[in-house]
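Asker: with the sequence up front, the predicted model follows.
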Amino acid sequence: MWPWVAGMEAARITAIAAREQSGVASVEEFADYRGIKLYDVDLQGAGAQLIYGPGGTHILLPNTLVEPAERSWAIAHELGHYEMKHAAPPTNELCAPRPRRPGGRVERDQEDEANEWAMMFTMKDADVARLCDRMPMTLDPVLQLARRCGVPPVAAAVRLMGVTVRFCAAVLSQDGVIQWASPSLRLLGFMDVSRFPEGKPIGAGALARRFVDTGRLRRDPDLVPASAWIDGVSDGTWIQEHSMPTCQPGTVLTMLWAPNEPDVPRELTLPPRLVPGVRDMYLSDEAGRIAYHRAMISPCPIAPSWLDVLLGVSLPAAG
């Protein structure tokens, strides 16, 4: 097993054990359980900071961080560093929720592990299981999980994408540019995450693009051109989009899902607890992903790929 994959699973196991052994309900209570003091200070350039010292362990929080869910997430992330016995991260490291990074990950990554610990501690499997396989997977289950567990919607979206069996992806954009994307395991079987390149401008027709252009965002989901979000799809493909602004200026959280998604039930051998580990191994095996996706491309030039079929491509009329 790759060290990165092993580190991520260790973070999940450690978070579950910490929650069960402490018996506490919040990250603030868990910090007190560990004897870690929380201080609100004038902290610049970081979401939070873990400090080890002769006077004990402290977590410094920006005094501008007043939104309860964002503050709890910052504490949870720093507790993840502490529980995983990481060295104190530099002050310029941000603790914003992000998906696990793909692309042949080999070595352990402290930020990934801290995020994973925070997600597992704040969002229990039982809570996630009630919401992770909704169909369609709009942002509604994301908001329900965020409210139930007291976390930012972005963190809830990443957590759900780690376990769902639906063909969907969460995307965070800022000022009309993709910051990251987190496809579900099943969608990863049809396309590589590189189809959502970081830094890609969102195309015309997307709801998130209209928000940048007009300052208004449609509340209901809508069918939009798949090419607005995904590189390399055929003309005439469509995807369902549900978007909402976050508390960060210019930032939009989006859920995308396949309009032709089959109603495939979850296999009993793949419960929510096991999916993140399977997904990590898949994301880490870059060579295996490349070979698999090459096999998914249709050998016929006029026939759609499996991804195009999933996204509802229209075949050219017979001449």
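Answerer: In hand now; what should we look at?
Asker: mean confidence for stretch 63-79?
Answerer: In this model, stretch 63-79 carries a mean pLDDT of 94.
Asker: alpha carbons of it, in CSV - could you do that?
Answerer: Only the C-alpha atoms of stretch 63-79 are listed here, as CSV (Å, rounded to 0.1, in the frame of the first residue of the first chain):
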residue,chain,number,x,y,z
ASN,A,63,-10.3,36.8,15.7
THR,A,64,-12.0,37.5,12.3
LEU,A,65,-13.2,33.9,12.1
VAL,A,66,-16.7,34.4,13.6
GLU,A,67,-18.8,32.0,11.5
PRO,A,68,-19.4,29.0,13.8
ALA,A,69,-19.0,26.2,11.2
GLU,A,70,-15.9,27.8,9.7
ARG,A,71,-14.4,28.2,13.2
SER,A,72,-15.2,24.6,14.2
TRP,A,73,-13.6,23.3,10.9
ALA,A,74,-10.4,25.3,11.6
ILE,A,75,-10.2,23.7,15.1
ALA,A,76,-10.9,20.3,13.7
HIS,A,77,-8.2,20.6,11.1
GLU,A,78,-5.6,21.6,13.6
LEU,A,79,-6.7,18.8,16.0
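Asker: list the buried residues of that stretch.
Answerer: Using 16 or more other Cβ atoms under 10 Å as the test for burial, stretch 63-79 gives 65, 69-79. No exception for glycine: its C-beta is placed from N, CA and C like everyone else's.
Asker: stretch 253-266 too?
Answerer: So for stretch 253-266, counting by 16+ other Cβ under 10 Å, buried means 253-258, 261, 266.
Asker: now distance to residue 59, pLDDT and secondary structure too, for the residues you listed, in a markdown table please.
Answerer: As requested, the buried residues of stretch 253-266 are exported to a markdown table (distance: Cβ to Cβ, whole Å; pLDDT from 0 to 100; DSSP: H, G, I helix; E, B strand; the rest coil):
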| residue | distance to residue 59 | pLDDT | secondary structure |
| --- | --- | --- | --- |
| 253 | 26 | 98 | strand |
| 254 | 31 | 98 | strand |
| 255 | 31 | 98 | strand |
| 256 | 35 | 97 | strand |
| 257 | 37 | 95 | strand |
| 258 | 41 | 92 | coil |
| 261 | 41 | 86 | coil |
| 266 | 37 | 85 | coil |
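Asker: residue contacts, residue 48?
Answerer: 59-62, 65, 74-75, 77-78, 95 (Cβ atoms under 8 Å, 6 or more residues apart in numbering).
Asker: ditto for residue 253
Answerer: For residue 253, the contact set (Cβ under 8 Å, 6+ apart) comprises 139, 142, 153-154, 157, 170-172, 243-246.
Asker: from the buried residues of stretch 63-79, pick the one nearest residue 23.
Answerer: Proximity of the buried residues of stretch 63-79 to residue 23 (Cβ to Cβ) peaks at residue 79, which lies at 15.6 Å.
Asker: helix or strand: which one has the closest one?
Answerer: helix 68-83 (DSSP states H and E).
Asker: who's residue 169 bridged to?
Answerer: Beta-bridge partners recorded for residue 169 (DSSP bridges): residue 183, residue 256.
Asker: average pLDDT for the top helix by length along the chain?
Answerer: In the chain, with assignment by DSSP state H, the single longest helix is helix 3-22. For helix 3-22, the mean per-residue pLDDT is 95.
Asker: again with stretch 269-283
Answerer: 87.
Asker: and that stretch, which residues are buried?
Answerer: Under 16+ other Cβ under 10 Å, the buried positions of stretch 269-283 are 272, 275-277, 279-283.
Asker: the stretch 1-150 of the chain: helices as residue ranges?
Answerer: 3-22, 27-33, 68-83, 110-122, 125-129, 140-149 (DSSP state H, counting those that start in this stretch).
Asker: remind me what the shortest one packs against, helices and strands.
Answerer: Meaning helix 125-129. Applying 3 or more Cβ pairs under 8 Å, 6 or more residues apart in numbering; DSSP states H and E, one finds that helix 125-129 contacts helix 140-149.
Asker: which residues sit against the helix it packs on?
Answerer: When contacts are defined by Cβ under 8 Å, 6+ apart, helix 140-149 is touched by residues 69, 122-124, 127-128, 131-132, 134, 151-153, 155-157, 159-160, 170, 242, 253, 255.
Asker: for residue 252, which residues are in contact?
Answerer: 172-174, 208, 211, 217, 243-246.
Asker: if we go to 7 Å?
Answerer: 173, 208, 211, 243-246 (Cβ atoms under 7 Å, 6 or more residues apart in numbering).
Asker: which helix or strand contains it?
Answerer: According to DSSP H and E, residue 252 maps onto strand 251-257.
Asker: any idea which helix or strand comes after that strand?
Answerer: Next helix or strand after strand 251-257 toward the C-terminus (DSSP H and E): helix 275-284.
Asker: residue 81: neighbour count?
Answerer: Using other Cβ atoms under 10 Å, the number of residues around residue 81 comes to 24.
Asker: re earlier: just the contacts of residue 252: which are in strands?
Answerer: 173, 243-245 (DSSP state E).
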